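Colleague: Mind folding the following:
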Amino acid sequence: MKLKKKNIAILAGGDSAEHEISLSSANTLLKEIDKTLYNPFLIHYKSNSFFALYKNKKIKLDKKDFSFEHENKKYKFNEVFIVIHGPPAENGEIQNYFKNLNIPHSTCSSSVSKLTFNKYLCNKKLVSLGFNCAKSILYVENSKFEEPHELNLPLL
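Modeller: Below is the predicted model:
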C-alpha cells in the first residue's frame, strides 16, 4: 500500500531583521526535503499575513484554517515546519495559532518559546530548578543605572 504524501507548510519570513536568513533556510529545506514523502509548500509570513508562493504566484492564505486555493483546489497542511527567526515564532505567538487550529508544528510549545525568548526569566526559572546560572539583574530602559554590588563584578 502506497502512503499518501503529507502536505508540509514551510513557514518562513517574519518581521525581524533575520527575515532574509529565514527565507534562505526555508529554500534550503525545500531543496533537501524528501519529496517522495512530502509535498512541501513555501509559506511566507509578513506583517501578520500568510502567502503561499506556489507555481510562481503569491496566494494569500485563509487565516481561519491556514489554507489556500489555487485553480479551484483547496490546499491544507498536515504539519507546519517553522523556520521564522524572532517573533512571532521564537516568542511563542505562532504556536498558539497552530494549536488552536490543531495543526502540528515543528517547534516547542508556546509557553516554552515565551520563556526561552526572555533570557532573564529563563535564567530565573533555571535557577529555581537548581541549575547554576550567572547572577543577573534586569534593567528597564530609561531607568537609573547603579552598578549592582551583589554581582561582585566590574561592569563595563
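Colleague: all strands of this protein, in order?
Modeller: Assigned by DSSP state E, the strands in the chain fall at 6-13, 38-46, 49-54, 57-60, 68-70, 73-75, 79-82.
Colleague: residues making contact with stretch 113-131?
Modeller: The contact list for stretch 113-131, computed with CB atoms under 8 Å, 6 or more residues apart in numbering, reads 89-92, 95, 107-108, 133-134, 136, 138. From N, CA and C alone the C-beta is placed, and that goes for glycine too.
Colleague: and A17, what does it touch?
Modeller: Going by CB under 8 Å, 6+ apart, A17 touches G86.
Colleague: do you know how far it is from I82?
Modeller: Per CB to CB, to the nearest Å, A17 is found 18 Å from I82.
Colleague: Report the beta-bridge partners for the closest residue to S106 other than its chain neighbours.
Modeller: Closest residue in space to S106, ignoring its immediate chain neighbours: F81 at 4.6 Å, by CB to CB, 6 or more residues apart in numbering. Beta-bridge partners recorded for F81 (DSSP bridges): I10.
Colleague: With mean neighbour count and mean pLDDT added, can I get the strands of the chain in JSON lines?
Modeller: Shown next, in JSON lines, are those (neighbours: other CB atoms under 10 Å; pLDDT from 0 to 100):
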{"stretch": "strand 6-13", "mean neighbour count": "22", "mean pLDDT": "97"}
{"stretch": "strand 38-46", "mean neighbour count": "19", "mean pLDDT": "97"}
{"stretch": "strand 49-54", "mean neighbour count": "17", "mean pLDDT": "96"}
{"stretch": "strand 57-60", "mean neighbour count": "12", "mean pLDDT": "97"}
{"stretch": "strand 68-70", "mean neighbour count": "16", "mean pLDDT": "97"}
{"stretch": "strand 73-75", "mean neighbour count": "11", "mean pLDDT": "97"}
{"stretch": "strand 79-82", "mean neighbour count": "20", "mean pLDDT": "98"}
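Colleague: Tell me how many other residues crowd A26.
Modeller: 23 (other CB atoms under 10 Å).
Colleague: Now do the contacts for it.
Modeller: Contacts for A26 (CB under 8 Å, 6+ apart) come out as 10-12, 42, 83.
Colleague: Looking at these, spot the one nearest L61.
Modeller: Taking CB to CB as the measure, L61 sits nearest to L11 out of the contacts of A26, at 10.2 Å.
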